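Undergrad: build me a structure from this.
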Amino acid sequence: MDIEEVAFETRFFVDGDWRKAPRTFAVKSPIDGRVLAEIADCGAEEAKSAADAAVAAFEKWRKTTAYDRAAILRRWYELIIRDAEKIARSITLEMGKPIAEARGEVRYAAGFVEWYAEEAKRLYGETIPSQFSHKRLLAIPQPVGPVYGVTPWNFPAAMVTRKAAPALAAGCTFILKPAEQSPLTALLLAQLWAEAGGPPGTLAVLPALDPVPVTEVMMRDERIRKITFTGSTEVGRLLYRQAADTIKRVSLELGGHAPFIIFDDADVEKAVAAALAAKFRNGGQVCVAANRLYVYPKVKEAFAEAYAEAVRKLKVGNPLEEDTQIGPLVDEAVFEKVTTHVRDALSRGARLVFGGESGGGLYFKPTVLLDVHPQSRIMREETFGPVAPIVSCESDAEVIRLANATSYGLAAYFWTRDLKRAFTVAEELEYGIIGVNDGVPSTPQAPFGGVKFSGIGREGGHWGIEEFLDIKYVSIALT
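TA: Numbers count the residues shown, from 1 in each chain. Predicted structure coming up:
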């Protein structure tokens with residue numbers, strides 16, 4: 001499918017209507033820089049209309065039965081599966097993800113909708129024993145209220161459904177501000193929500209080149225009771241502060257700096273496969289991507305050689321081609337950061353095993369570095385690109401100390417065949433997600449989120465829907 005064959009929605013979606021904005025902005029493909037669409041550029045006025053619609057719709061949506069909400073979510077899931085190829089191509093065109101991976105993202109995104117269609121019917125309350133014979137005590141879950149969600153560019157479909165599906169299942173209405181680099185997939189998902197029978201006002205999508213005017217309206221509006229955000233720690237801090245003025249509930253999924261530890265008892269072949277998946281999925285543009293590889297001396301040479309060989313075989317190219325494994329980086333800012341991290345590591349004495357240079361345009365060749373100095377930027381900051389630094393580590397105590405020596409705490413990985421070590425290291429690592437012999441642990445029914453500067457709250461599983469619920473206590477005296 002060529003770019004010319006893809007038709008994108010260019011208006012914003014509010015109160016069940018598709019509306020034009022007085023301004024537009026260009027969405028460009030990182031594949032070749034071509035303009036995919038000129039879409040609505042929302043600002044404060046559009047945000048106010050979305051907030052009003054979400055507040056009005058909430059009064060009706062919260063009173064629908066769990067079964068009614070579940071039925072609409074189930075239809076949404078079925079429509080996403082029906083249009084999976086169209087959604088996958090939208091993802092690839094607007095952010096450069098290889099098409100095979102984009103199809104996997106669509107399945108992952110649909111999985112959240114399917115899960116929360118079922119979870120809507122599992123929002124059980126509790127009865128509490130009373131010390132008084134004439135009293136009956138109840139705890140009842142209720143939707144927190146209208147929600148404002150901000151999603152990143154690296155998972156244009158999955159980050160939308162991971163937030164919107166539990167909110168809608170809980171009985172909340174949802175206003176979405178998708179990333180300016182990749183808003184087209186979000187608009188496509190809104191089309192499918194409307195087709196599924198989602199009532200007007202329950203879901204809004206507000207693309208914006210500058211997110212500040214939209215976000216300021218939402219953060220000041222005390223009727224918006226919840227903010228859910230995935231993005232940088234810097235922006236997360238700002239939103240956390242702003243949420244305090246109106247005492248909003250907050251969920252933040254922020255930056256990561258994931259270690260991957262290869263212990264001396266590792267099966268090198270399997271460890272290479274797991275580390276490759278953890279590092280180079282979506283070209284390393286994943287918040288849970290392995291950013292630091294710690295390898296024990298006993299297996300270092302064998303691992304480094306096999307890993308470098310595997311990286312050499314990764315195909316870099318047009319992400320619309322079926323066998324491409326590494327596509328372009330999403331924009332110039334990401335490309336520049338990756339380039340800077342590699343140059344800094346090399347200037348501090350790192351050995352370049354493979355890659356380390358531009359592949360033209362926004363493409364950066366998959367890169368393996370050895371003996372990276374601990375003060376290198378790549379060892380202290382999230383790279384968000386296809387660069388794997390490998391360093392030696394001598395003991396379990398040392399590697400745990402190094403792995404935890406960061407303000408981030410989203411994901412960590414390690415490979416071992418020792419059951420005792422598997423448990424003890426998993427317990428010692430200060431991260432919200434641990435992959436033991438597993439480079440891709442995320443799944444809709446499990447909790448996703450971090451500790452420390454990687455955020456607060458969890459998405460996925462029953463934890464994800466609980467983020468959108470308040471608990472009401474009811475005490476009944478039988479007179």
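Undergrad: please enumerate the helices of the protein.
TA: 44-61, 66-82, 84-95, 99-119, 158-170, 184-195, 211-220, 233-245, 268-280, 297-312, 332-347, 396-404, 419-428, 461-466 (DSSP state H).
Undergrad: just name the most buried of the ones you listed.
TA: Stretch with highest mean neighbour count among the helices of the chain: helix 158-170 (a mean of 28; mean count of other Cβ atoms under 10 Å). (Each C-beta comes from the backbone N, C-alpha and C, glycine too.)
Undergrad: what packs against it?
TA: With contacts taken as 3 or more Cβ pairs under 8 Å, 6 or more residues apart in numbering; DSSP states H and E, helix 158-170 sits against helix 66-82, helix 99-119, strand 147-150, strand 174-177, helix 184-195, strand 226-230, helix 461-466.
Undergrad: how about the ones you listed in JSON lines, adding distance to Ser475 and mean pLDDT?
TA: Below are those laid out as JSON lines (distance: least, Cβ to Cβ, whole Å; pLDDT from 0 to 100):
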{"stretch": "helix 66-82", "distance to Ser475": "24", "mean pLDDT": "98"}
{"stretch": "helix 99-119", "distance to Ser475": "28", "mean pLDDT": "98"}
{"stretch": "strand 147-150", "distance to Ser475": "29", "mean pLDDT": "98"}
{"stretch": "strand 174-177", "distance to Ser475": "32", "mean pLDDT": "98"}
{"stretch": "helix 184-195", "distance to Ser475": "38", "mean pLDDT": "98"}
{"stretch": "strand 226-230", "distance to Ser475": "26", "mean pLDDT": "98"}
{"stretch": "helix 461-466", "distance to Ser475": "22", "mean pLDDT": "98"}
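Undergrad: hmm, back to that, so which of the helices of the chain gets nearest Ala411?
TA: helix 268-280 (8.3 Å; Cβ to Cβ).
Undergrad: in CSV: the helices of the chain, plus distance to Glu126.
TA: Shown next, in CSV, are these (distance: least, Cβ to Cβ, whole Å):
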stretch, distance to Glu126
helix 44-61, 24
helix 66-82, 16
helix 84-95, 39
helix 99-119, 17
helix 158-170, 17
helix 184-195, 32
helix 211-220, 32
helix 233-245, 28
helix 268-280, 39
helix 297-312, 50
helix 332-347, 47
helix 396-404, 37
helix 419-428, 30
helix 461-466, 13
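Undergrad: nearest to Ile476, out of these?
TA: Nearest to Ile476, of all those, is helix 66-82, at 22.6 Å by Cβ to Cβ.
Undergrad: can you list contacts of the closest one?
TA: The contact list for helix 66-82, computed with Cβ atoms under 8 Å, 6 or more residues apart in numbering, reads 61, 87, 106, 109-110, 113-114, 116-118, 120-121, 123, 157, 161, 165, 168-169, 171, 189, 192-193, 195-198.
Undergrad: what about 7 Å?
TA: Counting contacts by Cβ atoms under 7 Å, 6 or more residues apart in numbering, the residues outside helix 66-82 that touch it are 87, 106, 109-110, 113-114, 116-118, 120-121, 123, 165, 168-169, 171, 192-193, 195-198.
Undergrad: ok, now stretch 296-316?
TA: Residues from elsewhere that reach stretch 296-316 (Cβ under 7 Å, 6+ apart): 262-264, 266, 268-269, 271-272, 275-276, 280, 295, 323-326, 353-354, 359, 363, 365-366, 368, 370, 390, 392-394.
Undergrad: and for stretch 460-476?
TA: Contacts with stretch 460-476, where a contact means Cβ under 7 Å, 6+ apart, come from 116, 119, 135-144, 147, 162, 166-167, 169-170, 172, 226, 251, 444-448, 457-458.
Undergrad: write the ChimeraX selection for whichever of those are buried.
TA: Buried members of the contacts of stretch 460-476, defined by 16 or more other Cβ atoms under 10 Å, are picked up in ChimeraX with:
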select :116,119,141,143,144,147,162,166,167,169,170,172,226,251,444,448,457,458
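Undergrad: how far away from the center of its chain is stretch 283-299?
TA: Between the centre of stretch 283-299 and the centre of its chain there are 19 Å (Cα atoms, centre = their mean, to the nearest Å).
Undergrad: check which residues of it are buried.
TA: By neighbour count on 16+ other Cβ under 10 Å, the buried set for stretch 283-299 is 283-296, 299.
Undergrad: is it true that Asp15 touches Val55?
TA: No. Counting by Cβ atoms under 7 Å, Asp15 stays clear of Val55, with 11.0 Å between them.
Undergrad: where are the low-confidence patches of this structure?
TA: Low-confidence segments of the chain, defined by pLDDT under 70: 1-6.
Undergrad: can you pull the domain assignment for it?
TA: What the record gives for the chain is the domain set 3-255+453-476, 258-405+411-443, from automatic domain parsing.
Undergrad: just how off-centre is the last one within its chain?
TA: Which is domain 258-405+411-443. 19 Å.
Undergrad: nearest residue to Thr173 in space, please, no chain neighbours.
TA: Ala54 (4.1 Å; Cβ to Cβ, 6 or more residues apart in numbering).
Undergrad: ignore what I typed, I meant Tyr363.
TA: Closest residue to Tyr363 apart from its sequence neighbours, by Cβ to Cβ, 6+ apart: Pro328 at 5.0 Å.
Undergrad: so the one you found is in contact with Leu362, correct?
TA: Yes. With contact defined as Cβ under 7 Å, Pro328 and Leu362 form a contacting pair (3.9 Å).
Undergrad: so which of these two has more stuff around it?
TA: Neighbours per residue (other Cβ atoms under 10 Å) separate Pro328 from Leu362, with Pro328 holding more: 26 against 21.
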